[in-house]
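Participant: Here is a sequence together with a model predicted from it:
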Amino acid sequence: MKPSTPKGTRDFLPAQVVKRNYIFDTIKSVFIKYGYQAIETPTMEKLSTLMGKYGDEGDKLLFKILNNGDYLADANEDALNNKDSNKVLSSIASKGLRYDLTVPFARFVVMHQNDIAFPFKRYQIQPVWRADRPQKGRYREFYQCDVDIVGSDSLLYEAELVQMYDEVFTNLGIKTIIKVNNRKILFGMAEAAGIANQFMDMTVAIDKLDKIGEQGVKDEMERKGISTEAISNILKMLNMSTLTEFETAFANSETGLKGVEELRTFHQYFDLKTPYNKVEFTPTLARGLSYYTGCIFEVEVDTNAEGQEKVKMGSIGGGGRYDDLTANFGLKGVSGVGVSFGAARIYDVMEELDLFPKNNASELKVLFLAENQQAHIQAFGLLNQVRSAGINAALYPEFKYKKQVKYATSINVPYMVMVEQTEDGTVQAELRNVATKDRTVMHIDEIIEQLKD
RNA sequence: GUGGUUGUAGCUCAGCUGGUUAGAGCGCCUGAUUGUGGUUCAGGAGGUCGCCGGUUCGAAACCGGUCUUCCACCCCA
């Protein structure tokens, strides 16, 4: 039989894992610096935790786990006979794979509210699963990398999160544009245009702006039955760029004015330090129809930056504030704000721009090669010394020179040490630089010195 | 979930409108050669043509189903 992985899942080769970990490590070190702590939640959650949190569409995309034991014995018989999958489900499956990290986190906060201190700052890097149909850059198993604060509505955290974006992408070497908006500004626009009741339709249309253009947005809103007058009003507002303009437009929208004020406060915190990346107020940023209620963020690769012109990639990060994150689980009035890093997309961008470091600390530094069995045993002793000095080292098991060199070149190791017996019966070690082909016989202590830098 | 697309050796792919024992390059293994950095030469192993069923005297090729790949839509990350 031909081995394969399930649809939408993949294996990761050593070189890929090294690169992925480089991204995670860079992100983690920034999280830790800003005072966030890691948590983990189980791969599976109860379906009662998961169902109904992502809409009807989301429920379909949940992977369900069959109950153990004789699950059909306990299945709902009527539903089974009628082939009613939805009804049968609840009697044969009570667990599912996590669909994102936010809902499990909300469950976590409610369950452990007495063990954690608010504001609670956590980060979480774990895979999630979706039974979506796979396509380019979309898998059924992928990592999410979330950082959130719950239990405070201070805008200091919005500023902090954007600073973290700025620092992470600077460290990774990607020049980005960090777009900032506020859902209250969007609501203000709907209110100012007199279509507050069609806020959702408007938001969904605006969210597609990048994809379908201004005319497309106009058409979409028309289709949703928004009046032409309101549409032209909204389009006019979308082209405004300063908070002062919005303040004027929102004279009759309390929510809109609140949004302007929130963004001003955000800037009071944020502007104390000059960011390396572009941070732009973007009134057209909508972030889908998700649960966001305040500030929203999205990160894009800056295609105007030198060397990045050709990068075609959607958003590589996003997030925002959501009130009542935990209300679903019975804890009201707890506000949260968080952002997510799109690890897989960041990986692709870094690959395209060749931004991964060449010499990774987790890679093998030196490969020992021995001439014969006698030398092999001696080489193992030398190997121990090199490893004790903290250098990543390995010994090749066979003696055939051709195979040794072939292996060394195929694993891309920078140094080799050839261990040979001399005529007087002692052993000598020769350090070889694979790239320059330099070779020198030297004492093992010297070799260690050489390899250390 | 809808529409399309892909599947032949470990890898990248040929294989005409159905017709003998299914091929190439690379890789792999063995031996020689090279006083040592993937050399050269010779030989070799490896495929139920994704899987199941059908049409046919005959299927890798045609038809149906299924799994997989990639793409668009829906939605989303």
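Facilitator: Right, received. Where do you want to start?
Participant: In chain A, where's the longest helix?
Facilitator: Using DSSP state H to define each element, chain A has its longest helix at helix A:14-33.
Participant: Quick one: list the elements packing against that helix.
Facilitator: strand A:120-129, strand A:141-150, helix A:156-172, helix A:343-353 (3 or more Cβ pairs under 8 Å, 6 or more residues apart in numbering; DSSP states H and E). Backbone N, C-alpha and C define where each C-beta goes, glycine included.
Participant: List the neighbouring strands of the helix or strand following the longest one plus their orientation.
Facilitator: The first helix or strand that comes after helix A:156-172 along the chain, using DSSP states H and E, is strand A:176-182. Strand A:176-182 has its sheet partners listed here by DSSP bridges as strand A:278-281 (parallel), strand A:295-301 (antiparallel).
Participant: which of these sits most buried?
Facilitator: Mean neighbour count (mean count of other Cβ atoms under 10 Å) peaks for strand A:295-301 among the strands paired with strand A:176-182, with a mean of 25.
Participant: before we move on, back to that, can you lay out the helices and strands packed on helix A:14-33 as JSON lines showing mean neighbour count, mean pLDDT and distance to A:Glu220?
Facilitator: What follows is the helices and strands packed on helix A:14-33, written out as JSON lines (neighbours: other Cβ atoms under 10 Å; pLDDT from 0 to 100; distance: least, Cβ to Cβ, whole Å):
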{"stretch": "strand A:120-129", "mean neighbour count": "20", "mean pLDDT": "96", "distance to A:Glu220": "30"}
{"stretch": "strand A:141-150", "mean neighbour count": "22", "mean pLDDT": "94", "distance to A:Glu220": "29"}
{"stretch": "helix A:156-172", "mean neighbour count": "21", "mean pLDDT": "97", "distance to A:Glu220": "29"}
{"stretch": "helix A:343-353", "mean neighbour count": "18", "mean pLDDT": "87", "distance to A:Glu220": "26"}
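Participant: Make TSV from the ones you listed and add distance to A:Asp438 to it.
Facilitator: Output for these, formatted as TSV (distance: least, Cβ to Cβ, whole Å):
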stretch	distance to A:Asp438
strand A:120-129	41
strand A:141-150	41
helix A:156-172	34
helix A:343-353	31
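Participant: Pull the contacting residues for A:Cys203.
Facilitator: Heads up, residue A:203 is Thr, not Cys. A:186, A:190, A:286, A:288-289 (Cβ atoms under 8 Å, 6 or more residues apart in numbering).
Participant: how much space between it and A:Glu222?
Facilitator: Going from A:Thr203 to A:Glu222 by Cβ to Cβ, to the nearest Å gives 16 Å.
Participant: just A:Ile377 next, same as before
Facilitator: Distance of A:Ile377 to A:Glu222, given as Cβ to Cβ: 82 Å.
Participant: can you check A:Lys184 too?
Facilitator: A:Lys184 sits 25 Å away from A:Glu222, taking Cβ to Cβ as the criterion.
Participant: Compare these two and say which is more crowded by neighbours.
Facilitator: Remark: of A:Lys184 and A:Glu222, A:Lys184 carries more neighbours, 25 against 13, as counted by other Cβ atoms under 10 Å.
Participant: what pLDDT does the residue lying closest to that one once chain neighbours are set aside get?
Facilitator: Sequence neighbours aside, A:Gly259 is the residue nearest to A:Lys184 in space, at 3.0 Å (criterion: Cβ to Cβ, 6 or more residues apart in numbering). Note on A:Gly259: pLDDT of 95.
Participant: A:Ala361 now?
Facilitator: For A:Ala361, the predicted pLDDT is 68.
Participant: go on, A:Lys211?
Facilitator: With respect to pLDDT, A:Lys211 scores 78.
Participant: So what does it have for phi and psi?
Facilitator: Backbone torsions of A:Lys211, given as degrees, to the nearest 10, read phi -80, psi -40.
Participant: what about whichever residue of chain A sits closest to RNA strand B, neighbour count?
Facilitator: Closest contact between chain A and RNA strand B, by Cβ to the nearest atom of the strand, is at A:Lys136 (2.3 Å). If you count neighbours by other Cβ under 10 Å, A:Lys136 ends up with 5.
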